[in-house]
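> No letters, just coordinates:
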Ligand SMILES: Cc1ncc(COP(=O)(O)O)c(C=O)c1O
Ligand SMILES: Cc1ncc(COP(=O)(O)O)c(C=O)c1O
C-alpha cells in the first residue's frame, strides 16, 4: 500500500486524542487531487510554444497532493489545535485581544469591497475612496490630529513611516538630527524602527513610578534630538502624567513627539494624543478597532500627523475633490509610498465599520470599560500578585511574580502555562523588560466581571499550588495538545521546512 | 458579585481541558445584551395601544441575556465538543457520511436563492422553478422514474408520501388493500411510515444470505397486499439479486414496489430502481447527494415515481410551461401538499449543484468507489471481525462482534466507544436488528485507502486489547469531553430543559 | 468531473487486486447483468465548480430576492434580520457536517445546543416539553394531531380556518393515511366561530394564535370548546409574538406547534425551515422526534444525551407514533443561537417593532381610496387588506417598484376556506422589525398609484 | 451604541465600588484635567449593525468589482479563483481571532499551517528558508535589500526597471531612513540592460522574474552582474509562474521576494496581501519576521514553535535587522490552504492556463489596427500593449462594456522609469485561469470599436 499518513484519522483533534497532526506533505499521495478549474475554451499548448525553453522548469515544484476531503479535515483539525479569542479570554497584554465583531467580517467579505482590483481607476472606485476619506476623518478626530496616511500595514510599519515623516520634516528645515529618545520600557519595534529610520536610539530609564524619568529626559535632550517615541498609557499600563511637560521639553529643543498608538484603546474619547502635544501618531487598528489579529496579522497601522507634517505624508492619498467626489492626490513633499497599493484596505474597512457602530459614546465606553476591567483585576489579585507599580493603571496591569520566584521558585512562565489548564490564554510574560517576572494582563472591555473573577480564582488556586506543590506548576500544561516545547532544539537543529525536517 | 458562569473561561474547549460547558442560561446576567436592531423611524407605543390587554403577557418569557462575545465563545466551544465529517472519518453505516463539498455551501448562501420569499409569484422566481425542474429531471434519470416530487423534507417524509401515493393509486382503482410487506432488516422508519400510511405491516424474514427470503415473500403475498418496501442494496449492505423475481411476484398480486433510497449511493449509474421494477422511490439527498446532515437535519427526501403514479404526486409542482418558462401546476389527482411550502429548497439546490459537478461519469465513480471501499475494508478486517454475511457487499459492510462477545465479553458498543479514542467516529451499532452485535461500516467514497488502513489497524489493535484487557474496552472512551453517559438516568429523571434541571 | 474522490488509479488497482478483482465492474458482478445500465446515465458530463457556479448565476439572475424587493410578504415566512454573528456560528462546520448525536461522548456540542433550544421553545410555548425539531410548522401540526388522536383514540380534527391554509392542506394530505376526519371551523370577521361546527368526539381542537390573517383570537373560547369535547387543545403559534402575547400554555394548550424560521433561518424559498413542537408532560410518551435530556457520565460530569428513545421509530417500528428520523437540527441550533443573541429583551423588542410597524402600515395603507382592512379584529404583525383590485395584480405591479407587497390570500388558500369573502382581492401584508418608515411610505405611494 | 460590552450598569457600579470609586471618571482622575476631552469626541452617534450595513452598501454601490467588470488588470494583483473550500477553511475563527503563536501549547494550529506554508514557499523559491510572511511584495523587497545591505555592509542598490514601479517606490521611500542609494537599470525592449549602470559596490542586484511588463528575463545575466559586483542577487518572483519557470533559486538567487496574493487572497483593493520572503541559509540570522521551526515537547511529541527569536525586534531591539512584528499570517495560512488545494499539478495547470490565455489574448488584440505589443521579448501571464490612444481613456471606455481592460503603464509607473517609451499609450494586460475565450473575444471586440 502507498505510504502516506491517513488524512481522515482525527486523533489529533483534541476532541478525540492527543496525537500529532500529520503535515499536508505526509498526507500527500502522488496523483491525488483536489483542484478544479473553469472551462475556458482556450487551448493550452506545451509551454515551449510560449516561452524560451531555457526558462522552463525541468522538474515541477513539488507541493502536496491531497483530496479536498483531506484538505478540509487537516485544516479543520489544525483549527481545533489553536486557541483564539472566539474560544475564551486572551488577556495578552499590549495586544488588546478583544472580541472582533462578526459584522466586520461581513463587511470585509462584501464583493463590492473584496473583489475590487487596486488598480481600478478612481472614478470606478469612488466608494473605496470615500471609505478611506471617512476613516481618515474619524481617526484624526479620535487622535486629535490633522491628517493621516492609511498605507502602513501594521504598527511597526506605522512607526517607521512616522520616523521618516520626522526625518522629512527636519530635513526640509535643513536640520540634520541624529537621535531619537525612547524609554527603556518601549516595545521592541520602537528602537528597531528608529534604526531603520536612520536615527540612533537614546534610551532613557523609567523612574520608580514606572513613568518617564523627566530628569533623565532632560539630560538626554539636545539639539541633535529628532524626537521622542512614547506610548501613553505606556507599556507598563500607566498614564504618563507629565506628558505636557515632556512635550514642552521635547518641542523646546526642536524635537517631535511620536505616539505609539498600541495602547490607544485606553484613552478613546478620554484624551487625545494631539491634545497631549504629540506630532505623529500611529494606531494599531487590529488592537483598538478590533480588526482580528489573524494569528499574527494582517493588521493596519495608519499614521496621523499634526498639520505641520501633512505635506510629507505618503501618497497617493484619497481626498475629497473640489469638484465633488473623491480623488487620489500626493502631498507636495511626500516621503513616497510605504505600501504596494493603498494599505491593508479590507482591514481599514473593518475598522471604519467598527467605529461607525460605536460612535462617539461607544468608543468612550470602550475605554472606560477596558480601564475598569484592568483596575478591577489588578486590585482583585493584589494580595497574591502585586502590581509592578502601585498606581492606578489604565487598560492593562503589569503584575510581578517576583515574590513567587523568591518563595518557591515559581516563575511568571509557570503561571502562564498553568493558566491554560484553567481555561485562559496566558498573559504576556517578561514584557516589558524592565519589570522582573512580569505578567501583563489586558482583559479588554469585552470580558465580563464573571470571567475576570474566574481568572482571579484561577490565579488564587495557582498561588496555593505554588506554595504546596511548585513542581505541579513547572510541569504545566498537561491538558493541551502539546506540552512545553524544546525551544532550544528548534533553534539549534533548525527545521523550518518539511525538507529540512528530512521528510521531503 | 452577580452569580453567573464565566462566559470566557475555555476549560470546556477540548483544546484546554475537560470541564463542563455552562449553559447559556447559566451564563446569563440580567441586563446584559447582544442584540442590535435597525433604525426604522417608526414609533413603538405600549402594546396595549395595538392589542387587547387580555392577550398581553404580564411577564416576559425569560430567555437568556448574554453579550455577543460570550455567545460566540459558548457556541464556538460547543462546536469544539462536536465530532463532524470535517474532522475525520464518520463510517456510520446507513448514513452515508461522505464529504460535503464547500462549494454547495456557497450555492446555498447565494442571496438569489437564500433570500427569496417562498410566496413570491412564479414569474419573479423563474430561477427557482427551473432549479426544481432541473433537479427533478436529474433525479428521474438517476432512478429511472418518470416524475418526482421534491417536497418531502427527509427520507421518512418521502416514505410516507410514497405510501400515500400507493394508497391513492389503489383507491383510484377502488382496490382497498390492507398490508405492506417489509423485510425484518428494514429501517425503523419503514414500518412506522406504513402505519401512518394506514396500512398494516407484514414482516418477512431475511434468509441466511441476508436477502429477502423469496419463499417467505410468496407466503406473505396476497390480493390485500398494497405493496412492498425494500432497500436495495438492503440494510445489511447486500444487493437483492432476485429483485426482478421479487418485483414480478409483487406486481402479480397487484402490489407496488417501494424503493427506500437510503442506499442509493451504492448504485448510482450502475443500476436504477426503475429498471429493477420499483414504482416509487425516495432519495435521501443528505446521503447520496452530500447535502450535509446538520447534526440531524435538514435533509430532503424527494419521491420519484413511475408514469402510472405521476398524477397522484403532491402539488404544486414546478413544471415547464407550454408557453416557455416555468409554472406551478398541481397533478390531476394529487394527494395534496406534504410540506408547508416547496420542500427544503436550499437543500435541493445543493443537491443539484452536486449532481452538476459530478455529471454522469462522476456519479458512477461515486458508486464504484463507495463499493470498493466497503469491500476492501470488509476483507481487510475479515480475520478479526467477520462479515455477518459472506457475500460481496455494496457500499457498506455489516460485521459482527459476536465472536468477541463470546470470547471476552467485549461487545459492539465497546468497539465503537474505543474507536473514538483512536480518532474515528463509531460505526452504526446494533442495526439492523437481525444481526447480532452488528457493526455497520460505511466508509463512503471520499475516504482514502490510507484512512481505511488506519481504521483497520485500529480495529486490530482493539481486537488485541479485547484478548488481553477487555476491561480497557469496557472503560472506553477516556479521551473524549465526556465518557459513557448514564442513559437510564436521563430517561428516568427526565431533564429536557433548563427548568426541568432545576436551574431556571 | 468531480474531484472529491481520493483514490489514484494505481490505488484503485491495488485495492481491486486485494479483492481478487480486475475492474470496478467486478464489484457489481453479482448484480444481474440485465439490470446494469449499459451506456451510463443520460446526464451531462460533470463540470468544475466554477462552471457550475455560472449555471447557478443563471438561476439566481431570474429570482427576485429581498435584495431586489422590499419584503412585506409573510404568511409563516418572515424577513427578519439574521445578524452576522448568528450566521457565523450556525455555519460552523462541526454543526453542519455532524450526524444525529448518536455517540454522546463526541456530540456534546449539538446535544447541548439542542437542550438549550428545547428550553427556549418550551418557555415560549408555556409548556414543559419541547422536542429537538420537526420539518416545518405544517408537518409539526400533523404530528400534533396524530398525538392528539393517539391520546384520545379519536379520529376527528376540528381546525380553525384561521390556521394557515398550507398547514391545513398538509394535515389533509396525511389524514389520507391516518383516516382522520377534518372539520374546519369558519371565521367570522377574522375570528373562529367554533359554534358553527360540531366538536363532539374531536381528538383535537386546533387554533392559531395569532391566526394566519394576523388576528389575535380568543384562546379561552377555543380552550373551552376543546375541554367541552374532551379534545386536546392544539395551538399553532407565531413564536416571535409569543414574547409579547400570553403563551399558548397560559391559555391551556396541550400541544403547541409553530414555524421557527423567524429565528435565524433565511427565507430560503420556504425551506429548510424549523417545525416547533411542545407539549405537556402527559403526552411525552407520544412525543414525535428526538428529545435531548441531561444526565451524567461515568465520572459524574454533566452530559447531554438523546433520551426516551423507546418512543422512536428505530426501536418501536410500526408501533411508533411518528416516523420522523432526520429532522431540522441545524435550524434548531441556529434558533438557539438567534434566541441567545436576542435574549428576553431583544425578542420582545423585535415583536413590538413588528406590531408597531404593521399598525403603522395598516393605518397608512387604509388611507388609500378603496383600500380597507378585510377583517376588523385586532391583529399583531400582519393584516389582511382588501383592495379594489386583484391582489395578484397588485403584487405583480408593485414588484416593478421594488416592493413585494404581500401575499394574495386567494393564492395562499387554494382550495381551503380562506376565511374572508372575495379572497382574490385580499392582500396579506406583514411587517418585520427590518421595515423602515420610508419603505412603508414608499409602499403606500406605489399602491396609491395603482388604486387611484 | 455598540453592544459588545458585557457589563450591566449595576456591575459597573459594583466594580467601581470595589475600587473605591464613584464614577468612570474617577478611573481617569490621575490624568491632568486640562487634557481630558470635555464634550466627547466629535463623531456621529453609534448606530446598529444593520444601519451601518446600509452605509457600507452606499460605498459598495459606487465600486466596480469583478462582479461588474471582467478583469484583465494585473500588475501584481491577480483575479484568480478562490474556491469555496479555501475560503471556508481560511475563515475559521480559530485562525482569524488568534494572536501570534506565542504559547505553542495552544497554537499548534497556526504554527503547523505556517510550517507548511514555509515549506511551499521555500520550494517555489528554490531556496531553503522562507519566513512566516511579510506585509506585501513591496515591503518584502525593502526587507530584502536591507538584508543584502546588512550582509554586504554596502548601501548601493541596483534595481532593474522591470521591477514593479510601486515596489521601487517603496524601496525608495524606506531608503530615506537607511540611506541606501538606488540605481535603476533601464529596460531595452522589455529586458534589463545591466550594462547601462555601474554595479560596482552594490549590496543588491534586484531583478524581477518575470518583470512587471510580463517579460521573462535572462536571470543568468542578472546573476552574473551580482556575482561580479559581490552583491546579493535578489529576485522578485511571480509565485504562480514559479511552478513552470525555473525557480529563482535555480538561477542563483540569494533572496526571493514576491506577492502571495494569487494564493487564495481576493483582490481586496490591494490589501491585506502577502509578502513572500525566502533566502539562503547564510542569511538566516538576518531573516526578517517570524520563522516557525519543528521541535518536540517534553513528552517527545512533535511540536512547532517560532524560532530563532533572537533575530527579532522584541529581543534585539535597535540592533534588529527588521522592525516587523504583526505580519500577514492569516494570508499565509490561506496560501497554504490554497496551495494544498492546487497541489503540484494544479498550480502548474493554473500557470499554464494563464500563459496560454495571455498569448491568446495578445494574438487577438494585436490583430486590431494600431494595436501592437509594446515590447517583443517573450512574456508569461501578462503583456504590455501599445494602443493608438491613451491607455487610461481605453480603460475608462471599456469599463462601460463591462471590461477592466488592464492597467495604464504610465499611471502605474508614476515618477518611476516605466521601461517603455510613451507609457501613457501602453496598457498592461493580464490573463488568469479564470478568463474564458468568450471574455477575451469580447474584449477584442470592445477595444476594436474604440481604436477603429
Ligand atoms: C506597544 C507596542 N508598540 C508597537 C507594536 C507593534 O505593532 P505591530 O505588531 O502592529 O507592528 C506593538 C505590538 O505588539 C506594541 O504592543
Ligand atoms: C435505510 C434507511 N431508510 C430510511 C431512513 C430515513 O431517512 P431520514 O432520516 O432522512 O428520514 C434512513 C435514515 O437513517 C435509512 O438509513
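Cool, got the structure. Model, not experiment: these values are computed from the prediction. Ligands and ions are numbered 1, 2, ... in the order given.
> quick one, what contacts the closest residue to residue A:207 other than its chain neighbours?
Excluding the flanking residues, the one nearest residue A:207 by C-beta to C-beta, 6 or more residues apart in numbering or on different chains is residue A:213, at 4.1 Å. In this view, the C-beta of every residue, glycine as well, is placed from N, C-alpha and C. If you count contacts by C-beta atoms under 8 Å, 6 or more residues apart in numbering or on different chains, residue A:213 has them with A:204-207.
> cool, residue A:64 as well?
A:24-25, A:27-28, D:120, D:339-340, D:343-344.
> That one: what secondary structure?
The local conformation at residue A:64, judged by DSSP: H, G, I helix; E, B strand; the rest coil, is coil.
> how close does it get to residue A:450?
To residue A:450, residue A:64 is 45 Å away according to C-beta to C-beta, to the nearest Å.
> now do residue C:60
In terms of C-beta to C-beta, residue C:60 sits 45 Å off from residue A:450.
> again, but for residue C:172
To residue A:450, residue C:172 is 52 Å away according to C-beta to C-beta.
> These two: which is more packed in?
residue A:450 (25 against 20; other C-beta atoms under 10 Å in any protein chain shown).
> Grab the nearest non-local neighbour of the more buried one.
residue B:6 (4.3 Å).
> Would you check that that neighbour makes contact with residue A:453?
Yes. Taking C-beta atoms under 8 Å as the definition, residue B:6 is a contact partner of residue A:453 at 6.9 Å.
> and stretch C:124-143, anywhere near ligand 2?
No. Figure legend: stretch C:124-143 not in contact with ligand 2 (C-beta under 6 Å from any ligand atom); closest approach 9.5 Å.
> can you give me the helices for chain C?
With DSSP state H as the criterion, chain C has helices at C:9-18, C:24-27, C:49-60, C:84-90, C:93-96, C:108-125, C:137-152, C:165-178, C:219-229, C:313-316, C:329-365, C:391-399, C:409-413, C:437-451.
> worst average pLDDT in those helices?
Among the helices of chain C, helix C:313-316 has the lowest mean pLDDT, at a mean of 82.
> Which positions in it come out as buried?
C:313-314, C:316 (16 or more other C-beta atoms under 10 Å in any protein chain shown).
> Next: stretch C:141-156.
Along stretch C:141-156, these residues count as buried under the neighbour rule (16+ other C-beta under 10 Å): C:141-152, C:154, C:156.
> And for stretch A:495-504?
By neighbour count on 16+ other C-beta under 10 Å, the buried set for stretch A:495-504 is A:495-498, A:500-501.
> Mind checking which of those are in helices?
Short answer: the buried residues of stretch A:495-504 have none in helices (DSSP H).
> and which of the residues you listed is nearest to chain C?
residue A:498 (20.6 Å; C-beta to the nearest C-beta).
> dump the residue contacts of that closest one.
A:23, A:25, A:504, D:115-116, D:119.
> what does the model give residue 74 for pLDDT?
Since you didn't name a chain, this refers to chain A. 98.
> The chain in question should be chain C.
Predicted confidence (pLDDT) for residue C:74: 98.
> Tally up the residues packed near the residue of the stretch 301-450 of chain A found nearest ligand 2, please.
Going by C-beta to the nearest ligand atom, ligand 2 is nearest to residue A:423 of the stretch 301-450 of chain A, at 36.8 Å. Look at residue A:423: counted by other C-beta under 10 Å, it has 27 neighbours.
> So it is in contact with residue B:18, correct?
No. Between residue A:423 and residue B:18 there is no contact under C-beta under 8 Å: 10.4 Å.
> what do those two both touch?
B:11-12.
> any idea how far residue C:332 is from the one residue in the stretch 151-300 of chain C that gets nearest to chain A?
Going by C-beta to the nearest C-beta, chain A is nearest to residue C:264 of the stretch 151-300 of chain C, at 13.3 Å. Distance, residue C:264 to residue C:332, by C-beta to C-beta: 10 Å.
> Which residues of the stretch 201-350 of chain A lie near ligand 1?
Applying C-beta under 6 Å from any ligand atom, we find that the stretch 201-350 of chain A lies next to ligand 1 at A:231, A:235, A:260, A:262, A:284, A:299, A:301.
> Mind doing that once more with 5 Å?
Applying C-beta under 5 Å from any ligand atom, one finds that the stretch 201-350 of chain A approaches ligand 1 through A:260, A:262, A:284, A:299.
> To which secondary structure element is the closest residue to the last one other than its chain neighbours assigned?
Right, residue A:299. Using C-beta to C-beta, 6+ apart and skipping residues adjacent in sequence, the residue nearest residue A:299 is residue A:286, 3.6 Å away. Assigning secondary structure by DSSP states H and E places residue A:286 in helix A:285-288.
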